[in-house]
Each structure stands twice: as structure tokens, then as C-alpha cells.
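# What follows is a protein structure lacking sequence information:
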């Protein structure tokens with residue numbers, strides 16, 4: 001396996017990372033533990049979570065599993081903070097007050113003395129970036145956090161953070177975690193060039209476009225009973241578009257003709273794009289994980305890359321996976 005450097009750090013990361021938003025709901029703790037151990041056995045060394053995933057249960061499951069197995073130091077743990085953790089006005093956002101408290105609570109749930117990568121889950125435009133970076137710098141100096149990163153932050157916000165870090169000697173963001181799949185390629189316009197220029201790692205989410213790329217949705221108004229678009233609605237349903245479904249069906253044909261399962265090809269396409277450190281795979285079941293593990297050692301041919309580019313040209317989108325980013329003003333038509 002060819003490990004990849006995380007940005008300008010010396011940390012080497014497996015070319016796939018394990019996403020855990022399903023841990024605790026719908027994936028049981030027993031099944032989640034099997035997924036973690038199987039991923040580690042296969043060489044995946046980065047497990048990504050958040051304090052907001054199932055009210056912290058994802059972190060608790062990871063913490064208990066690694067503590068009981070003694071495999072904590074085989075693992076790089078990345079978690080996030082930003083979203084509300086309670087009803088209070090200071091139990092959210094990227095203020096010093098909230099980030100320090102959120103870090104302490106994540107350490108407790110994860111049963112560890114440090115977090116390898118502590119990420120800002122979304123920007124807080126109303127809070128000066130120097131307050132956020134100052135708090136993160138203190139957490140790093142205290143040994144509670146090793147590296148810091150962002151998620152779904154615009155390139156201009158990343159640039160502001162780099163300059164503030166240089167000016168004031170704050171810790172520098174090592175990574176960005178944006179949505180990226182064949183249906184939404186907009187990070188290629190600014191985020192990817194920025195990350196290449198300033199050596200920021202890219203750990204991307206939703207490589208299978210919430211299952212649209214593997215035929216999960218047949219209609220943009222009627223959703224499978226166990227899908228996020230049906231169970232949660234709102235932001236998930238908004239990502240399901242007629243154009244996305246049509247493109248997903250065409251992608252299925254490309255995968256079939258190539259003799260590669262669509263799920264493997266969807267993840268492989270992301271993994272092989274410029275500047276990508278690792279796409280996050282978020283299996284609900286052990287079978288889903290084992291199905292994707294061969295991608296660790298697969299490569300994308302020029303012919304398949306060109307076929308995908310014809311479906312959705314570089315930098316464009318047919319579904320909106322940036323719909324949790326208020327700064328993204330470009331909208332995607334539903335049909």
C-alpha cells in the first residue's frame with residue numbers, strides 16, 4: 001500500500017480513510033467494532049468521526065473499541081467540533097470557549113489523551129479566525145491535539161487562515177475535508193489548486209454521492225425507505241436531483257463495461273484525483289467495507305478517467321453536496 005503524506009506534515013495516511021457517521025445509528029456497536037478491526041487489519045489507519053455524530057455515540061464506540069482491543073496507537077483519530085452540543089448559546093461554533101470544551105469532551109468519549117487531527121466542522125464567519133486559531137494552537141501546545149484541520153471551508157477562508165498563522169505564529173491547518181464525488185466537482189475550481197499550492201491535505205467525504213452513483217435512487221421525489229433522504233430528509237434530500245440520478249445511471253454503465261463494481265469505481269475515481277490524500281468511506285455494514293477494500297490497491301486508467309470527465313466535466317456539478325455550506329452561492333437545478 002502506498003501511504004500518502006497528510007499535507008505538509010510528516011504523517012502518512014492510508015489512501016482510504018474510515019468514516020463513522022453511521023456508528024450508533026444505524027450501525028450497532030458490535031458491527032462497528034468489526035468494521036474498525038477489519039479496516040485496521042487491511043491497513044486503513046485513519047478513522048474519522050465528529051462530536052455531532054449521533055450525539056457523540058460514534059466517538060464513544062470508537063473509544064471503547066480501541067481501548068478494549070489495545071489498538072489505539074495503530075490508529076490516527078480525527079474528529080470535529082462546531083455543531084451544537086447543547087441548547088446554550090456557547091455550545092456551538094468556533095469560539096475558544098466552545099472548542100476547548102468540545103475537545104475535552106471528545107477526549108473523554110474517545111478514551112484517549114490526544115486527538116491526532118482536530119477539525120473545524122464548518123466555518124464560523126462571525127468569529128475572527130485568529131480566535132479560532134489561537135485556541136487550536138493552545139490545544140496543540142498542551143498535547144491534547146496533534147494537528148488541526150477544517151471541513152467544507154472555502155479556499156479564501158483557508159488562505160486567510162494560512163496568512164494569520166504566518167503572521168501570528170499560530171498552528172497551521174494541515175487538512176481540509178470537503179464533499180467530493182463525480183456529481184459535485186466544484187472543489188477543483190479553487191480548493192484543489194489552493195491545497196496543492198500550500199500543501200494542505202484533502203480528506204474528502206461522500207465519494208459515492210450518497211449512493212446516487214450506485215443506483216441507490218431511482219427517482220428524485222421518491223426515496224428508498226432506509227435512505228438518509230427519507231429518514232432524515234432536508235439536506236440529504238436536497239442532494240438527490242434528476243440530473244444526478246441520470247448521471248449516476250450512465251456511470252453504472254461505464255462501470256459495467258469496465259467490469260468494475262460501481263461502488264469501487266466511484267471511490268477509486270476520487271482516490272486517484274490530484275491532491276487527494278484519502279476519500280472517506282462510511283460503511284453501514286461489514287460487507288460494504290470489505291467490498292471497498294480492494295480500492296486500496298487499485299489504479300484508475302486514463303480511459304476510465306476520460307469517460308468520467310465526459311459525464312461531468314472538471315469543476316462542474318449536477319448535484320449539490322455543498323448545501324451545508326452557506327458560502328456556496330452556486331445552486332444546482334433539481335431537474
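Structure received. Because the structure is a prediction, the values reported are computed rather than measured. Numbers count the residues shown, from 1 in each chain.
# Please enumerate the helices of the stretch 151-300 of the chain.
For the stretch 151-300 of the chain, the helices defined by DSSP state H, counting those that start in this stretch cover 155-168, 191-198, 228-231, 235-238, 242-258, 262-271, 286-292.
# for the stretch 1-150 of the chain, same thing?
29-42, 57-69, 96-110, 129-141.
# Just name the most buried of those.
Among these, ranked by average contacts under mean count of other CB atoms under 10 Å, first place goes to helix 57-69 (a mean of 21). (Each C-beta comes from the backbone N, C-alpha and C, glycine too.)
# Now do it: everything it contacts.
Residues outside helix 57-69 that contact it (CB atoms under 8 Å, 6 or more residues apart in numbering): 20-21, 23-25, 29, 32-33, 36-37, 47, 49-51, 53, 72, 75, 77, 79, 106, 109-112.
# Work out the gap between it and the centre of the chain.
The chain centroid and the centroid of helix 57-69 are separated by 19 Å under CA atoms, centre = their mean, to the nearest Å.
# what's the average pLDDT for it?
Over the span of helix 57-69, the pLDDT mean works out to 98.
# Next, the buried residues of stretch 299-314.
For stretch 299-314, a neighbour-count test (16 or more other CB atoms under 10 Å) marks 300, 304, 307-308, 311-312 as buried.
# now do stretch 277-297
For stretch 277-297, by 16+ other CB under 10 Å, it's 277-284, 286, 289, 291-293, 295-296.
# Now the terminal residues of that stretch, how far apart.
14 Å (CA to CA, to the nearest Å).
# Show me the shaky parts of this structure.
Applying pLDDT under 70 to the chain picks out residues 230-233, 333-335.
# Skip the chain neighbours and tell me the closest residue to the spatially most central residue of it.
Closest to where the C-alpha atoms of the chain average out (CA atoms, centre = their mean) is residue 205, at 3.4 Å. Among residues not flanking residue 205 along the chain, residue 280 sits closest, at 4.9 Å (CB to CB, 6 or more residues apart in numbering).
# Run through the residues that contact the one you found.
17-19, 48, 177, 203-207.
# swap the cut-off to 10 Å and go again
16-21, 46-48, 78, 177, 180, 203-207, 267, 270 (CB atoms under 10 Å, 6 or more residues apart in numbering).
# Restricted to strands, list those residues.
In this view, the contacts of residue 280 that belong to strands under DSSP state E are 17-19, 46-48, 78, 177, 203-204.
# farthest pair in those residues?
Maximum pairwise distance among those (CB to CB): 15.6 Å, between 47 and 204.
# and residue 169, how many neighbours?
Applying other CB atoms under 10 Å, we find 10 residues neighbouring residue 169.
# What separation is there between it and residue 9?
17 Å (CB to CB, to the nearest Å).
# Equivalent analysis for residue 305, please.
28 Å.
# next one: residue 215
Counting by CB to CB, the gap from residue 215 to residue 9 is 38 Å.
# now residue 316
Distance of residue 316 to residue 9, computed by CB to CB: 31 Å.
# before we move on, what about residue 93?
Taking CB to CB, one finds residue 93 at 26 Å from residue 9.
# Same question for residue 304.
Taking CB to CB, one finds residue 304 at 31 Å from residue 9.
# sorry, back to before: could you list everything the residue nearest to residue 205 pairs with in the sheet?
residue 17 (DSSP bridges).
# of residue 93 and residue 9, who's got more company?
residue 93 (21 against 16).
# what sits against the closest residue to that one other than its chain neighbours?
Spatial nearest neighbour of residue 93, chain neighbours left out: residue 124 (4.6 Å); criterion: CB to CB, 6+ apart. Contacts for residue 124 (CB under 10 Å, 6+ apart) come out as 82, 92-95, 98-99, 131-132.
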